[in-house]
Structure formats: C-alpha cells, structure tokens
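Trainee: can you look at this prediction? I've put the sequence above it.
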Amino acid sequence: MAQAQQESQSFVEQLLDWFTSTLGRILIALVVPVVTFVIMWRGFIFLREGNAPQLVIALTAIIWGVGGVALIYFVTNWLIEQLPPRWMSRLQPFLFIGPAVLILAWYLAIPTFRTFLISLQGRVSEEWVGLSNYVAVFTERNMTIAFRNNLLWIAFGATLSVVFGLLVAVLADRSRFEKFAKSMIFLPMAISMVGAGVIWNFIYEVKEAGSAQIGLLNAIWVGLFGGDPQAWTAMLQPWNNLFLIIILIWMQTGYAMVIFSAAIKGIPNELLEAARVDGATEVQIFFRIMIPYIMGTIITVATTIVIFTLKIFDIVMVMTGGQFGTHVIATQFYRQAFTNQNKGYAAAIAIVLVILVIPVMVYNLRQFAEEEAF
Amino acid sequence: MRTSKGQQRIREIVINGVLLLLVLLWTIPTLGLFVSSFRTRFNIQTSGWWAIFPHKEWVIVEEFDKPEDVDPDGEMTIAGATGTFEEFREGIATEDGRQVIWSGNKRLATIRIEERKWQFLPELTLDNYGQVLAGKTYTVETADGGTVEVEGDNLIGAFLNSVTVAVPGTIIPILIAAFAAYGFAWMNFPGRKVLFIMVVALLVVPLQIALVPILKDYVKLDLNGTFLAIWLAHTGFGLPLATYLLFNYIKGLPRDLLESAFIDGASHFTIFLRLIIPLSVPALASFAIFQFLWVWNDYLIALVFIGAKPDVQVITMRIAEMVGSRGADWHLLTAGAFVSMILPLIVFFSLQRFFVRGLLAGSVKG
C-alpha cells in the first residue's frame, strides 16, 4: 500500500520533472500561446459573423475584448518568466510598454507621415501632385469659409467659455449654493455634442408666423419682442455661426469653471485679506490680484478649448450639416475624405490641422524637458 | 475701511442673483428637452414645453354660429362687443375681460368667445420612449386627427452597441496605459526617454490625421464595422492622455514601497498587479470616467469606422440620423436624445468627484 503510494508519488514527480524539463517547457511555451490565439480568433469570428441575440453578442464582446487583452499580458508575461533571468529582465519592460507603443505608432505617429504622403497625391493616391492640394486648401472658397468660421469659433467660443467659466467660478466661490451651481453648469460636459445638437435644435425650432412657436428662442422673440419668427441657424451669414457657437460655450464653460475654481481656491487668503484691508474693492481684487495670480491656468484652459474648437465637428454636423455657410475645418475634412472621396485633399486639411497645434506640442515638450523629472 | 452691513447685503444678493440666473440659463435647455420627451406628439407640436407650467391663456368658453341678423360689411354688435369685420377677425375685448373672435369668412363663420384662464397641460406620457426604444411599428395619431403607421427606432439595440463599444473602449486603453505608465516610471530600458517624448508629443495631435490611413488598413484587414476596430481606435486615440496621466500618478507613489517589495522577491508583474493597481485606483477611476464619457459621446470615430454597418451602429449615430430623417418629430427626438444621455448623466452625477479630479490632472486631448 505504502509502496503503491510511493510509486504513484514518484510517478507524479516524474511527470513534474518531465514538464519542467526543457523539452516540456518548450512544448508548453508553444502550446499556451497557440491555444490563446485560437480562443481569441474563434471569439473574433463569432463576433463578426455571429447571429446570436444582441445581448449575447454584447456580453461576449465585452468579455472577449477586455479578457483578451488581459490574457495576452498574462500569457506573454508567463512566457517571459520561463526565460533565463537575464533575458527576462531585458524583455519584461517591452511587455509593459510594447503594446502601448505599438498602438500609438500605428494609430497616431505613423499616420502623421502617411497622411502627409497622401496629401501630396491625387484623389485616390494615384499620382503625385506636389503641393497642389495645399494650394486648393488655402484658396478654395469652401475652405476659406471654413477657416473664417473656425476663427469665429475661437474668437467667440473659446473666449466666452473662459469668461463665463471665470465668472461662475468667482461667483460660486462666494455664493450660498456653490456645489449645486457648479454641478448644474458642469452638467453639459456629460452630454454628447449630438445630444446637445438636439437640445439646441429644439430651442432654435421655427414655425411659420401665426402658429405657436414651440422653440424657446422664437417664442421669446415673437412673444416678448414682437419680431418675426427666425430660422436662427440659417439666417444672416456669417453671424448664424454664433448660434452654433453658443452650444460650445454652453458645453465648455463647465470645464473652464472647474479648473478656475480650483485655481481660485489656491490663492492664499492672506493676499486677498491684505488687499481688502488696504481698501481695494472686489472688482479691483478680481482684476489686479486674482486674474494675474491664475494667469497660467487661464492660458492652459484657453489653449485646451482652442484646440478643442479647432476640431469642432459634431455640433456643426448635427445642427446644419455645414449648410448656410457653417462649414468648419473638420467638417470639410470629413466631406472631402468620405463624401467626395478626395483623400489627397482631405489629407492636406488634416496636415493643416496638425500644423496649427504644433506650437502647443512644442510648448508641452519644453515643459516636459524643463521638469527634468524623467 | 470696512464695507457696511447694507453694502455687504446688496453684494450678497447680486452675487447669488447673477449666479442663479446663469444656472437657470444653463439648465433650461436640458430641462426643455426632458419635459418635452414626456409630452404627447400633439401637445409638442401645438404649444411650447413651458405650457406644462400653469400660465394664463385665452380659452374658448363659448362657440356659436354667426348670428343671421348682423351685417359683416358694416358695424356689428355681437355678445357685447362692437366693431367691424376686420376688428372681429383680430378679436375684440369686452369689458368683462373676454374677447370675441370672428372665425371664418364673411358668409360662413363661427363666433368664439374666449376668456383668459389659468391653464396648464399636465398630460404626460411614456409613449415616446416606447416608440424610440422598441423596433416594432406604432400607430400614431396626427395633429389633424388621422393616423399614421410609424416604425419604432430600436434605440435599445443602439444602446447595447454603445455599451459594447464603451466598456472595452474604456477598460482596454486604461489597462494598456497602466502597464506602459508603470514601465516608463519604474523600469529601465533603452529608448525609454525617446518613447515617452513620443507620448507627450502625441497628446495634442488631432485624430483627423489618422482617419484616412487607418480606414485604409481596416479595409485591407477586413476589420471595418467590427467592435475590435472601434475599440482599437478609441484605445489609440485615448492612449497618450491615459499614459501621461497615469505616469504622473504612478511616478509619484513612494519609492520605498516598491523597493521593499523587490527585496521580498516580487517580480515586476506581481508588483504591478498587487501593489500599483490597487494604489492607483483614484487615478484609474478619474481617467475611466473621462474616457467612458468620451467614447460614449463620440460621433466622428463611430461614423468613420462603423458607418457602413447598421447593426453595429452606436446611439449617437442613431440620434444624428433621426435628426436628419425625423427633424420635426420632436416627441421622438427628445425622447431619443434623453435615452442617449441617461447613462452619461448617471455616471456624471454618481462619480463627479473623480471626474473633476481627472480634469484637474490635465486634460489636453488630441
């Protein structure tokens, strides 16, 4: 009996020995990734061709996607840990940063160069056309209107978001319902630009004169001011753009407010008290102390909103689709790339967008170099 | 010099008053949408959403055929009001606060007597939601009394697709970014600095730069219109910010903690899973909310990479489509828009603290 047990034990040991022997390790090292790959591949095919009920598809997809990525890390790490320690410590960093670097390279770094090359080619990249796409971008009327509109978006949208953000931050700081006020102003940040488009389309809705105006703006305009009903987003170009820009202000003020609010709370109280003792009015305190003190934050917030504004797309797309002289750079890009199928032209527009943000990129890199934290 | 009590009081009123006004201005648009989504199709088309609040309105109290004995071409007296045909067409006010209106032409007409009364239209319904959520056909009464067959919008399907896109679209980039942030913060390898500079440089690159080349790749790989394609796209475009934020956080964790773990013989992988991830929960949560809202609310990436496949469409695309095809059906648009907002709003209100923290940590996104 005891002997049998010993025998079986030694059998287990033998088995373990075999598994840990080089041959077994290599075999397992080959089998595990293959099995992983097969499972992932089956999942992909199931999802792509599956006719299962949607709830099943949704659940499978989530588990497959999230689990798959985790599995890849685990399996690769396991493989690396089978290697001799010297190799392991050499390879492990690349397991950690590798996926991120590969994806960044595929999705952002390399496309910058590819898009640049495409921008030097014709409609379907059939021939080299030199800079003629860029010439078209800067001379065609469609594009000059788009550039002008983006300037309007920046001049009004970014500026007023910052102004209102600052105003709310300062007022809320001294009010009796700070938390509530900030929550409500911040709320539009959670709403998609498409949703915001519906909300504001409804406000701008126009009915013919004589019937009830169901759009808030026309109801006020007709009811209180006795005006004629207006199609706000279609009238009086280019000023109809302002009615789209209001939506951006409505959405971005909350962002500016949150950042400013934190910055204002960081101003030392002694500084404000000292000014008050010296007889400064609240307005003077605001302009002479608060604004200079948080200038850095104001610039950061303004820059962020300007970049956001440069790429504005959804609002215009949902509200007017670019009609009535409301096209912006990003909607022209979309139109050229996917509606007109003029890839070269679209690529040139994208490159112009990148060139516009290069100053910010350089600033970020210099900040990073100065910190020397690396 | 101290300000007097009275001045202080006025200042307080001005501050709170102006702030309240701004809050109202900012809230009313959403409120209008929310209220409208519960109103009937007929009510939405014939009165503003604010009509659900009590307000004074002209209401018909009496209606009868025009008397035979009046002469429309001259001066007439009906129900105590005197005037010409044109004046009656506009409505003539009587002394007891009523108005008499001639409705119709000179030969065939009814006379309406109206009174200003407190009114409100509390009639609310969930039908709009039923109609946008389900995919089946609905019979709807139109404003002129007839009925039309309308196909539902099946937003439940689009909603599920959005969940399927947004959950992995949030978790995958965070997972990958957390690994990378740890690698950059605590590991030594050749090219570490150059690669991190790439991350910083890519922070502000507009994603438009990638759409044309990536779409080409997707067509070649037959990935277009799959969930994998859109997860990867959101991962790629979200990674620079995620890596940067998490790097800053993980870098700031106490060094001794890691060193003692190393001395205990733990590997990088174990330290990362057992120590770094639990310690980084606040930073991970902040970015998760940020990314979730971003992915859920995204329209452009969905439009480009899954545009061709209707059964994979996310909710923002469906809503944008409804704006195009059902532009005047406000009872459906408002309900649909609200369905698309419900999840972000829940996330926003329950996790606002983390969201604000994420914003404060730096939020320049390409």
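Mentor: On my side now, so go ahead.

Trainee: residues of the stretch 51-200 of chain B that sit close to chain A?
Mentor: Neighbours of chain A within the stretch 51-200 of chain B, by C-beta under 8 Å from any C-beta of the partner chain: B:157, B:160-161, B:163-164, B:167-168, B:171-172, B:175-177, B:179-180, B:182-184, B:187-189, B:192-193, B:195-200. In this view, the C-beta of every residue, glycine as well, is placed from N, C-alpha and C.

Trainee: and the residue of chain A that's closest to chain B?
Mentor: Proximity of chain A to chain B (C-beta to the nearest C-beta) peaks at residue A:107, 2.6 Å away.

Trainee: need the contact list for the residue lying closest to that residue once chain neighbours are set aside.
Mentor: The shortest distance from residue A:107 to any non-neighbouring residue, by C-beta to C-beta, 6 or more residues apart in numbering or on different chains, is to residue B:236 (2.6 Å). Counting by C-beta atoms under 8 Å, 6 or more residues apart in numbering or on different chains, residue B:236 makes contact with A:103, A:104, A:106, A:107, A:108, B:210, B:214.

Trainee: got the domain boundaries for chain B?
Mentor: Domain ranges of chain B: B:5-46+B:124-150, B:55-119, B:155-360, per automatic domain parsing.

Trainee: return the most buried member of these.
Mentor: Ranked by mean neighbour count, the domains of chain B are led by domain B:155-360 with a mean of 20 (mean count of other C-beta atoms under 10 Å in any protein chain shown).

Trainee: where does residue A:232 fall, secondary structure wise?
Mentor: For residue A:232, there is no host helix or strand (DSSP states H and E).

Trainee: how about low-confidence regions in the stretch 1-150 of chain A?
Mentor: A:1-9, A:15-25, A:50 (pLDDT under 70).

Trainee: so which bits of it are right by chain B?
Mentor: So the stretch 1-150 of chain A meets chain B at A:44, A:47-48, A:54-55, A:57-58, A:61-62, A:65-66, A:69-70, A:73, A:77, A:81, A:90, A:92-97, A:99-101, A:103-112, A:114-115, A:118 (C-beta under 8 Å from any C-beta).

Trainee: what does residue B:61 show for phi and psi?
Mentor: Here is the backbone geometry of residue B:61 (degrees, to the nearest 10): phi -110, psi -20.

Trainee: surely it and residue B:97 touch.
Mentor: No: between residue B:61 and residue B:97 there is no contact under C-beta atoms under 8 Å: 11.1 Å.

Trainee: contacting residues for residue A:344?
Mentor: Residues in contact with residue A:344 (C-beta under 8 Å, 6+ apart) are A:118, A:119, A:120, A:121, A:122, A:123, A:125, A:129, A:133.

Trainee: tell me the buried residues within these.
Mentor: If you count burial by 16 or more other C-beta atoms under 10 Å in any protein chain shown, the buried members of the contacts of residue A:344 come out as A:118, A:119, A:120, A:121, A:122, A:123, A:125, A:129, A:133.

Trainee: in helices, which of these appear?
Mentor: Among these, the members found in helices (DSSP state H) are A:118, A:119, A:133.

Trainee: sec struct for the nearest residue to the last one once chain neighbours are set aside, please.
Mentor: It refers to residue A:133. The shortest distance from residue A:133 to any non-neighbouring residue, by C-beta to C-beta, 6+ apart, is to residue A:348 (3.8 Å). Three-state call for residue A:348 (DSSP: H, G, I helix; E, B strand; the rest coil): helix.

Trainee: and residue A:348, what pLDDT?
Mentor: At residue A:348, the model reports a pLDDT of 92.

Trainee: what's the local residue count around it?
Mentor: When counting by other C-beta atoms under 10 Å in any protein chain shown, one arrives at 29 neighbours for residue A:348.

Trainee: OK, contacts around it?
Mentor: Per C-beta under 8 Å, 6+ apart, neighbours of residue A:348: A:119, A:133, A:134, A:136, A:137.

Trainee: pull the contacting residues for the first one.
Mentor: To tie it back to what came earlier, the one meant is residue A:119. Neighbours of residue A:119 in contact, by C-beta under 8 Å, 6+ apart: A:133, A:134, A:344, A:347, A:348, A:350, A:351.

Trainee: do that again at 7 Å, thanks
Mentor: A:133, A:344, A:347, A:348, A:351 (C-beta atoms under 7 Å, 6 or more residues apart in numbering or on different chains).

Trainee: number of residues surrounding the last one?
Mentor: Using other C-beta under 10 Å, residue A:351 is surrounded by 21 other residues.

Trainee: what's it sitting at in phi/psi?
Mentor: phi -60, psi -40.

Trainee: how about the helices in the stretch 251-366 of chain B?
Mentor: For the stretch 251-366 of chain B, applying DSSP state H, counting those that start in this stretch gives helices covering B:255-263, B:268-271, B:277-279, B:281-297, B:300-306, B:315-325, B:330-360.

Trainee: just send those helices back as TSV, with distance to residue A:301 and mean pLDDT too.
Mentor: Listed next are these as TSV, based on distance: least, C-beta to C-beta, whole Å; pLDDT from 0 to 100:
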stretch	distance to residue A:301	mean pLDDT
helix B:255-263	33	81
helix B:268-271	37	87
helix B:277-279	30	90
helix B:281-297	16	89
helix B:300-306	23	89
helix B:315-325	26	85
helix B:330-360	10	84
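
Trainee: next, format these as a markdown table and append distance to chain A.
Mentor: Formatted as a markdown table, the helices of the stretch 251-366 of chain B follow (distance: least, C-beta to the nearest C-beta, whole Å):
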| stretch | distance to chain A |
| --- | --- |
| helix B:255-263 | 12 |
| helix B:268-271 | 5 |
| helix B:277-279 | 12 |
| helix B:281-297 | 3 |
| helix B:300-306 | 5 |
| helix B:315-325 | 4 |
| helix B:330-360 | 4 |
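
Trainee: report the contact partners of the closest residue to residue B:317 other than its chain neighbours.
Mentor: Of all residues not flanking residue B:317 in the chain, residue B:302 sits nearest, at 5.3 Å (C-beta to C-beta, 6+ apart). Taking C-beta under 7 Å, 6+ apart, we find residue B:302 in contact with B:230, B:314, B:316, B:317.
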